[in-house]
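> here you go, sequence then predicted model.
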Amino acid sequence: MTIIEFEGAFESKLVHKKASALRRIPSLDAVRCVETAGLEGSVCLFELADEAAPIVLESASGRAMALAPGDLFLGTPGYRESTRWVVGCVPSGGLRPGGSYWVLAESGVVGDLLGDSPLEKGHLAQVTYRGAVLSDDGQILDLRRFAMSSDGEADRGAHIFLIIGTSAEVGKTTAGIAVLRALRRKGHTAVTALKATGTSSLTEILRYQDFGAVQAFDCVDFGLPTTYPSGRDGMDAIFNSALDVTLSNASDAVVIECGGDILGGNVPIFLECLKRRRTEVKTILAAADALGAFGAKQLLKEMGISISMITGPCTDTPTLRERTEALCGIPALNMSRGTAPV
Amino acid sequence: MGGLVTAHYIIGSNGELTREKLDKIIEVLDLRDAAGKLLQPPVGDNCNYQLVLEKGRQPVPPTKADKSKDNESS
């Protein structure tokens, strides 16, 4: 049993649940909490109400972890601007101890709820913020303290394959894994994956490792639970750090997936950072329909990016695939299935 | 809200891609062989190492004696 200490007052409660956004935080023998504002990226203690229904979060090991009514768990305040799931933010000044907030993402991101889609979500529930967790030296634990850095290692010049999409849930990770498999089929034994933008999901980056990536990173590895809100300050530094680490990793190819759509999650800033590193990038666009693919092609052209291949639901049927290919003048290929039924 | 939802996403086509489809991806993206491109041995859990032992100038496969020696040292 873990002892929770609130500024001198002890409480005996069990805290053994840590959400995946905190996967880089070392294991704690005891949770020492201070009742102070909860800021983005801080390690914070939350409580699911006794009368609440159970919810499911992604644990620090990547498994689907149930939270029972009354459970305490460790998560972090953060922002989310999903095009298909949930939109929420950290209120000005941070989370207030004793205040009620929402679990915005499976990875344990918590904040004010601004809206959500009708899609069913296993994580969306109200929780109470109890306090921020202190390290042994009395400082508030924060993701940024455990962020990776390249330590000046040089860019190894690996080929880059960029996966971008017109929305969430259009098959970007499916496309990324198909490219990874194709690279391995051509003898590339060392491929690194980076989910550069969007909301952290350990399940997604572990999927890249399952299919043979030597390493896979996302924003948590660089100190943020998500790359939202759009247009925030300081994203150049975060993205450059992510590219430093990824491109200096020993690999002969790199698959980069931009989560969310092309306009959100600071994707345009990431693309600018990437263009400064490489002029030759093979870009795969995942789009929901032919017109979306056409619009994305025009937008990316303005950003100085040309598309090598189109995939996603816009290639699900022969009719739509052919229309996409004709409209965009770019090869379109479905990557979610083998041969099309005859 | 409420209720348990344990399935997160369906990601990566569940391995259903055929060799022909992978070959098509290779063709469209003009993927080249990796030979000679790797600058350093890969690191991490999912690497493929090719074991080559050299004795004199001739690469030889590991012998049983070598394997047992390795086991002793570990």
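That came in fine, so what should we check first? Bear in mind that the values here come from a model prediction, so they are computed numbers and not experimental data.
> contacts, neighbours, all on C-alpha from now
OK.
> residue A:101 should be in a strand, yeah?
Yes: counting by DSSP: H, G, I helix; E, B strand; the rest coil, one finds residue A:101 located in a strand.
> next one: residue A:291 from residue A:252, what distance?
Relative to residue A:252, residue A:291 is positioned 35 Å away (CA to CA, to the nearest Å).
> what helix or strand is residue A:151 located in?
In the assignment (DSSP states H and E), residue A:151 maps to no helix and no strand.
> beta partners of residue A:165?
Note on residue A:165: beta-bridge partners by DSSP bridges are residue A:286.
> ok, residue A:31 next?
residue A:4.
> gap between it and residue A:145?
17 Å.
> quick check on those two: which one has the bigger neighbour count.
residue A:31 (24 against 14; other CA atoms under 10 Å in any protein chain shown).
> tell me the confidence at the more buried one?
pLDDT recorded at residue A:31 is 83.
> verify the contact between it and residue A:133 for me.
Yes: using CA atoms under 8 Å, residue A:31 is in contact with residue A:133, at 6.4 Å.
> check contacts around residue A:157.
Residue A:157 is in contact with A:247, A:252, counting by CA atoms under 8 Å, 6 or more residues apart in numbering or on different chains.
> what strand or helix carries it?
Counting by DSSP H and E, residue A:157 is part of no helix or strand.
> quick check: phi and psi on it?
Main-chain torsions, residue A:157, degrees, to the nearest 10: phi 80, psi 20.
> same check on residue A:201?
Per-residue torsions, residue A:201: phi -150, psi 110 (degrees, to the nearest 10).
> ok, how many other residues are close to it?
Neighbour tally, residue A:201, other CA under 10 Å: 23.
> swap in residue B:26?
Neighbours of residue B:26 (other CA under 10 Å): 18.
> can you check the one 4 residues further on too?
Counted by other CA under 10 Å, the residues lying close to residue B:30 total 12.
> from chain A, how far off is it?
Going from residue B:30 to chain A by CA to the nearest CA, to the nearest Å gives 10 Å.
> gap between that residue and residue B:24?
In terms of CA to CA, residue B:30 sits 9 Å off from residue B:24.
> quick check: phi and psi on the residue in the stretch 101-250 of chain A positioned nearest to chain B?
Across the stretch 101-250 of chain A, the shortest distance to chain B (CA to the nearest CA) belongs to residue A:174, at 3.7 Å. Note on residue A:174: backbone dihedrals following degrees, to the nearest 10 are phi -60, psi -40.
> that one: neighbour count?
Applying other CA under 10 Å, we find 28 other residues in the vicinity of residue A:174.
> check what pLDDT it gets.
92.
> swap in the one 5 residues further on?
For residue A:179, the model assigns a pLDDT of 95.
> how about the one 5 residues further on?
Residue A:184 is assigned a pLDDT of 91 by the prediction.
> can you list contacts of whichever strand or helix holds it?
Assigned by DSSP H and E, residue A:184 falls within helix A:172-185. For helix A:172-185, contacts defined as CA under 8 Å, 6+ apart pick out A:161, A:163-165, A:191, A:204, A:208, A:211-213, A:253, A:255-257, A:259, A:284-286, A:311-312, A:335-336, B:11-13, B:17, B:22-23, B:25-26, B:31.
> out of the residues you listed, list just those in strands.
Residues of the contacts of helix A:172-185 located in strands (DSSP state E): A:161, A:163-165, A:191, A:253, A:255-257, A:284-286, A:311.
> find the centremost residue of chain A, please.
For chain A, residue A:200 is the residue whose C-alpha lies nearest the centre (CA atoms, centre = their mean; 2.5 Å).
> how much space separates that one from residue A:220?
6 Å.
> intersection of neighbour lists for the two?
Residues touching both residue A:200 and residue A:220 by CA under 8 Å, 6+ apart: A:21, A:226.
> burial of the closest residue to residue A:19 other than its chain neighbours, as a residue count?
Counting by CA to CA, 6 or more residues apart in numbering or on different chains, residue A:59 is the residue found nearest to residue A:19 once chain neighbours are left out, at 4.5 Å. By the measure other CA under 10 Å, the count of residues near residue A:59 is 23.
> quick one: contacts for the nearest residue to residue A:52 once chain neighbours are set aside?
Closest residue to residue A:52 apart from its sequence neighbours, by CA to CA, 6+ apart: residue A:69 at 5.5 Å. Taking CA under 8 Å, 6+ apart as the criterion, residue A:69 is in contact with A:48, A:49, A:50, A:51, A:52, A:53, A:54.
> mind listing which of those are in strands?
Secondary structure assignment by DSSP E places residue A:48 of the contacts of residue A:69 in strands.
> now list the buried members of the contacts of residue A:69.
A:48, A:49, A:52, A:53, A:54 (16 or more other CA atoms under 10 Å in any protein chain shown).
> now those residues in TSV, with distance to residue A:41 and pLDDT?
Putting the buried ones among the contacts of residue A:69 into TSV (distance: CA to CA, whole Å; pLDDT from 0 to 100) gives the following:
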residue	distance to residue A:41	pLDDT
A:48	20	96
A:49	23	94
A:52	25	95
A:53	26	95
A:54	24	95
